[in-house]
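>>> I would like to see how this sequence folds:
(one chain, ligands or ions: 1)
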Amino acid sequence: MSATNETIDWSFLPKTLDQYEVNLESGFIPAEEPLSRLPNPYYEPWEELASNISQYLLAKVLRDKVKSMPVLTIEKLATRREEHRAYVVLCFLSHAYVWGLNQKAEQFLPASLAVPWWNISKKLRIKPVFTNAASVVWNWNLIDKNRPIGLDNLKHGMLFTGSFDEAWFFLVTVAMDAKSGAILRNIGKIINDISKGDVSAVTSGLEKLSTHINDLRLLLARMFENCDPYVFYWRMRQYMAGWKNMKEAGLEHGVKYEGVMDEADGTQSEYQEFYGGNAAQSSTIQLIDIALGVHHYPINVGVENGATDGNKAQNIDTMKAEMKAKYPKPPGNPFLMEMRDYMPGTHKDLLEDMGKVCHIREFVLINTDGVSRIDYEKFQAEIERVSADDISLKNISGDDLKLKNGLLKAYNKCISNLKVFRDYHMIIVKKYIVNQAKGHSFMGSNAPDTTPTPPKSATSSPVQDKAQTIGNASGGAVSGADSKVAGPKSVVAAHTNGIKPGKLARFVEEGDVIKGTGGTDPIEFLTHIKNETRDSRI
Ligand code: HEM
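Predicted coordinates for the structure are as follows:
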């Protein structure tokens with residue numbers, strides 16, 4: 001790996017980048033590709049199931065095979081990469097076991113999966129549930145080992161369904177998370193430049209960061225190329241779901257990890273409830289929020305609510321102050337903060353430590369006094385907090401208006417691009433979840449116009465053809481070329497002709513809340529997060 005950090009002094013962090021298990025090429029994505037099989041034959045029972053997961057699901061024999069599998073120890077895992085591989089395999093097998101294929105959800109996870117999964121998760125300091133680390137961070141391979149990570153050089157790792165759509169969903173996220181190498185490098189450089197008081201260098205660092213954020217959006221837009229919203233919603237998504245607030249899917253109390261003992265009293269542990277896998281567990285976007293000082297609050301305490309009426313604003317100010325005391329560093333929103341427990345422990349450490357030393361926003365606030373249109377007093381507290389930490393961010397740009405304006409513009413461009421990224425993500429959520437659940441848009445042929453249009457092939461995918469057949473068979477519910485459907489009931493009718501939706505993949509009526517795999521009401525939650533991003537412009 002080429003050393004790209006010659007000019008960056010990382011001593012502002014208490015640990016080395018190696019200790020955080022990040023690198024400056026692919027960031028949170030490991031420098032060395034993950035193992036695609038555990039080398040020790042002792043783990044053959046896991047690997048045998050792993051290499052046949054979709055076939056065993058289809059034949060409905062996976063649960064029996066898991067039940068007859070021995071309980072293996074994790075003590076024979078010899079390296080960190082082996083530990084990662086073990087976690088990935090156990091995540092996929094356990095979620096396949098619990099959710100099944102068109103089967104009732106299973107609330108008891110046998111010891112053969114539960115015990116090693118619990119232990120390896122503890123060792124990696126991550127939740128024993130399917131996460132972004134399992135599907136993305138430790139679950140890819142390179143086609144050509146001499147070329148860098150990119151969508152044209154990635155092979156998928158483990159999958160539940162074995163479909164192109166699922167592979168693409170994970171690989172797009174790998175490619176996005178791999179951008180965190182350049183982002184991290186850039187943030188490190190900006191922190192160095194701040195300590196030198198070099199406004200021009202900070203400005204150019206922020207300009208680069210705005211480009212990186214834009215690159216993330218362009219990658220996200222490529223989701224439509226090979227991941228069909230129909231397949232995503234009706235076929236894949238259920239496997240990523242967790243067991244918190246999952247009563248309607250048959251897991252009212254969560255899942256019991258058989259053979260896992262309560263550490264306090266040595267008895268069988270109780271039902272466990274964990275959120276499912278979702279990209280809010282990607283450390284990359286949190287790193288950007290931290291870098292830019294974009295603070296998020298619990299729903300209804302957002303910055304955008306502060307301006308409405310006097311009393312409300314006062315209450316909100318109090319609540320905001322309380323939340324800031326509880327979560328002083330961005331992102332701050334309790335759900336986003338909790339998602340850090342679903343990241344590899346070392347990545348969580350980096351985000352926490354970075355939050356303590358990254359004061360780009362405060363630097364911009366101080367050095368754009370007089371040219372920004374903000375009410376300066378409103379941000380006094382933020383600046384005071386930094387001073388209280390004994391960090392000097394004195395005004396070094398003096399009266400140079402050109403420098404000040406350049407800095408302001410570069411910072412605000414980062415915020416705008418992050419807001420556009422979140423706008424775009426919201427479009428994805430509507431297409432991939434909301435429209436599917438409401439039966440408004442059956443297929444993935446309608447990508448938004450704002451970004452590269454999906455290739456023609458996406459409009460005549462095998463899935464779409466299948467849907468047309470089904471539609472015709474059930475009385476013409478699917479209306480021809482653009483695959484729009486009349487509404488949920490007609491699509492339910494279509495489904496009874498072969499495709500059987502699981503409990504999680506289901507239609508909802510107008511006004512019903514559709515949950516994300518992370519368990520949020522995604523539209524309310526994501527609107528809130530993106531409005532706070534918008535309001536962070538200065
Ligand atoms: C088909 C594609 C995707 C869908 C349907 C989707 C859906 C969602 C949903 C529903 C949430 C709310 C949390 C929950 O309850 O699950 C969420 C949050 C989030 N997603 Fe995605 N997502 C997709 C792809 C991605 C990708 C590729 C990324 C890139 C890293 C990403 C980044 C995020 C982030 C960072 C959040 C937390 C909110 C924020 O910070 O803006 N998502 N997503």
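
>>> What backbone torsions are found at Leu154?
phi -120, psi 140 (degrees, to the nearest 10).

>>> Might one say that it is in contact with Val172?
No: using C-beta atoms under 8 Å, Leu154 makes no contact with Val172, being 9.3 Å away. Just so you know, the C-beta spots here come from the backbone N, C-alpha and C atoms, and that holds for glycine as well.

>>> so what sits against both of these two?
Listed as contacting both Leu154 and Val172 by C-beta atoms under 8 Å, 6 or more residues apart in numbering is no residue at all.

>>> Up against the ligand, what does the stretch 351-500 of the chain have?
When proximity is defined as C-beta under 6 Å from any ligand atom, the stretch 351-500 of the chain approaches the ligand at 422, 425, 428-429, 432-433.

>>> The residues you listed in helices, which ones?
Of those, the ones assigned to helices by DSSP state H are 422, 425, 428-429.

>>> from those, which is closest to Arg222?
Ile428 (11.0 Å; C-beta to C-beta).

>>> from the stretch 101-250 of the chain, which residue is nearest to the ligand?
Nearest residue of the stretch 101-250 of the chain to the ligand (C-beta to the nearest ligand atom) works out as Thr173 at 4.3 Å.

>>> picking that back up, of the residues of the stretch 351-500 of the chain next to the ligand - the most surrounded one?
Tyr432 (23 neighbours; other C-beta atoms under 10 Å).

>>> Now do the contacts for it.
Tyr432 touches 227, 229, 232-233, 444, counting by C-beta under 8 Å, 6+ apart.

>>> now Gln272
128, 243, 254-257.

>>> again, only using 6 Å
By C-beta atoms under 6 Å, 6 or more residues apart in numbering, the contact set of Gln272 is 254-255, 257.

>>> same question, Ile538
Counting by C-beta under 6 Å, 6+ apart, Ile538 touches 372, 374.

>>> one more time with 10 Å, if that's ok
293, 361, 364-365, 368, 371-374, 376, 378-379, 408, 411-412, 415 (C-beta atoms under 10 Å, 6 or more residues apart in numbering).

>>> For this structure, just list every one of the strands.
Counting by DSSP state E, the chain has strands at residues 108-109, 140-142, 154-156, 256-257.

>>> Let's have the ones you listed in TSV, adding mean neighbour count.
Converted to TSV, those look like this (neighbours: other C-beta atoms under 10 Å):
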stretch	mean neighbour count
strand 108-109	20
strand 140-142	18
strand 154-156	17
strand 256-257	20
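
>>> will you turn these into a markdown table that also has mean pLDDT and distance to Gly345?
Supplementary listing: the strands of the chain in a markdown table, determined by pLDDT from 0 to 100; distance: least, C-beta to C-beta, whole Å:
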| stretch | mean pLDDT | distance to Gly345 |
| --- | --- | --- |
| strand 108-109 | 98 | 22 |
| strand 140-142 | 98 | 21 |
| strand 154-156 | 97 | 25 |
| strand 256-257 | 96 | 19 |
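
>>> Show me which residues of the protein sit near the ligand.
169, 172-173, 176, 220, 223, 232, 278-280, 282, 284-285, 422, 425, 428-429, 432-433, 516-520, 522, 525-526, 529.

>>> thinking again about what came up before, and the strands of the chain as TSV, adding distance to Ile191?
Output for the strands of the chain, formatted as TSV (distance: least, C-beta to C-beta, whole Å):
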stretch	distance to Ile191
strand 108-109	43
strand 140-142	29
strand 154-156	31
strand 256-257	41
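
>>> Figure out which of those is closest to Tyr271.
Shortest distance between Tyr271 and those, using C-beta to C-beta, is found for strand 256-257: 5.2 Å.

>>> Direction included, what does the closest one pair against?
Sheet pairing for strand 256-257, assigned by DSSP bridges, gives strand 108-109 (parallel).

>>> now the strand it pairs with, how far from the centre of its chain.
26 Å (C-alpha atoms, centre = their mean, to the nearest Å).

>>> With stretch 136-152 instead?
Relative to the centre of its chain, stretch 136-152 is centred 19 Å away, using C-alpha atoms, centre = their mean.

>>> Now that stretch: buried residues?
136-140, 149, 151 (16 or more other C-beta atoms under 10 Å).

>>> re earlier: quick one: which of the residues of the stretch 351-500 of the chain next to the ligand is nearest to Pro344?
Closest to Pro344, out of all of these and judged by C-beta to C-beta, is His425, at 22.6 Å.

>>> how close does the closest one sit to His156?
From His425 across to His156, the span is 22 Å (C-beta to C-beta, to the nearest Å).

>>> Wait, Leu403 touches Gly197, no?
No: taking contacts as C-beta atoms under 10 Å, Leu403 lies outside contact range of Gly197: 11.4 Å.

>>> Look at those two and report which has more neighbours.
Leu403 (19 against 16).

>>> Now do the contacts for Pro70.
Neighbouring residues of Pro70 by C-beta under 10 Å, 6+ apart: 42, 45, 111-112.

>>> Please repeat the previous calculation with a cut-off of 7 Å.
Counting by C-beta atoms under 7 Å, 6 or more residues apart in numbering, Pro70 makes contact with 45, 112.

>>> And for Leu219?
Residues near Leu219 by C-beta under 7 Å, 6+ apart: 172, 175-176.

>>> quick one: which of those residues is nearest Leu38?
Set against Leu38, the nearest of these by C-beta to C-beta is Ala175 (25.6 Å).

>>> Next one: that closest one from Asp152, what distance?
Noted for Ala175: a distance of 9 Å to Asp152, by C-beta to C-beta.
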